[in-house]
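Trainee: Build me a structure from this.
(chains A and B)
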Amino acid sequence: DAKTTQPNSMESNEEEPVHLPCNHSTISGTDYIHWYRQLPSQGPEYVIHGLTSNVNNRMASLAIAEDRKSSTLILHRATLRDAAVYYCILRGTNFGNEKLTFGTGTRLTIIP
Amino acid sequence: GAVVSQHPSWVICKSGTSVKIECRSLDFQATTMFWYRQFPKQSLMLMATSNEGSKATYEQGVEKDKFLINHASLTLSTLTVTSAHPEDSSFYICSARRQGGNYGYTFGSGTRLTVV
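Mentor: Numbers count the residues shown, from 1 in each chain, chains lettered A, B, ... in the order given. The predicted model follows:
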């Protein structure tokens, strides 16, 4: 499985944008880049995913480098409810390779 | 849309007994579901891939006779922890993905198992 590398932790001030980086230098051409977040004692929550182009949804934006070896999850205006562990995961598309393998993620702390 | 319901949310059982955890996709059909386990302050570890109408695929190191998985319908997968012991105490989470499009994965809310 292609691996991802994320900082262990980050802090951000409330109401400011947050940029969460992820490196995936061994990504294959068919791997999707997925982001999930997990609050304490809850299951992970889907945030966003993409393949090559940048993506936007109501929760966040995903900026994907041109060579696809890195990506950045952007929370445009952090709130206290965004404090969570954020996971960047590569998902294969071949049959039998669609499972998500979680790394250690980035623990995001929001400072009021 | 794409809701996954997991039940129970928590359970306490005696050592040596078995516990069944249910995972249901409420508004979509899921031919494949995934079961994870998470210990405190650790990341999710994939245990097995549950396939509707066929045997589950277990990850290396996961005992298939201890963690029985049944995926009898397109909306229900169950995980049974047999002869549970205190070291099986953990947070168990299921996941599924709506097929037929470019969707993300939906996770259940998790089951906190405590074996005493």
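Trainee: neighbours of residue A:13, just the number please.
Mentor: Residue A:13: 11 surrounding residues under other C-beta atoms under 10 Å in any protein chain shown. Every residue, glycine included, has its C-beta placed from N, CA and C.
Trainee: Settle this for me: it is touching residue A:78, isn't it.
Mentor: Yes. Counting by C-beta atoms under 8 Å, residue A:78 is a contact partner of residue A:13 at 7.4 Å.
Trainee: what do the two both touch?
Mentor: Both residue A:13 and residue A:78 are in contact with residue A:110, where contact means C-beta atoms under 8 Å, 6 or more residues apart in numbering or on different chains.
Trainee: Surely residue A:45 touches residue A:35?
Mentor: No. Using C-beta under 8 Å, residue A:45 makes no contact with residue A:35, being 9.9 Å away.
Trainee: Show me which of those two is the more surrounded one.
Mentor: residue A:35 (26 against 15).
Trainee: Identify the bridge partners of that one.
Mentor: On the basis of DSSP bridges, residue A:35 is bridged to residue A:48, residue A:88.
Trainee: what's the spacing between it and residue A:21?
Mentor: 11 Å (C-beta to C-beta, to the nearest Å).
Trainee: Kindly report the same for residue B:95.
Mentor: 25 Å.
Trainee: Could you do residue A:80 as well?
Mentor: 22 Å.
Trainee: what do you get for residue A:36?
Mentor: 16 Å.
Trainee: Give me the more crowded residue out of the two.
Mentor: residue A:36 (25 against 15).
Trainee: If I look at the more buried one, what pLDDT would I see?
Mentor: Looking at residue A:36, its pLDDT reads 97.
Trainee: what's it in contact with, if anything?
Mentor: A:44, A:45, A:46, A:47, A:86, A:87, A:89, A:100, B:104, B:105, B:107.
Trainee: Hmm, residue B:91 and the first one touching each other?
Mentor: Put plainly, it is residue A:44. No. Counting by C-beta under 8 Å, residue A:44 stays clear of residue B:91, with 11.4 Å between them.
Trainee: So between the two, which is more surrounded?
Mentor: Set side by side, residue A:44 and residue B:91 show more neighbours around residue A:44, with 28 against 19, by other C-beta under 10 Å.
Trainee: Phi, psi for the more buried one please.
Mentor: Backbone torsions for residue A:44, taken as degrees, to the nearest 10, come to phi -60, psi 150.
Trainee: secondary structure element for residue B:95?
Mentor: strand B:90-97 (DSSP states H and E).
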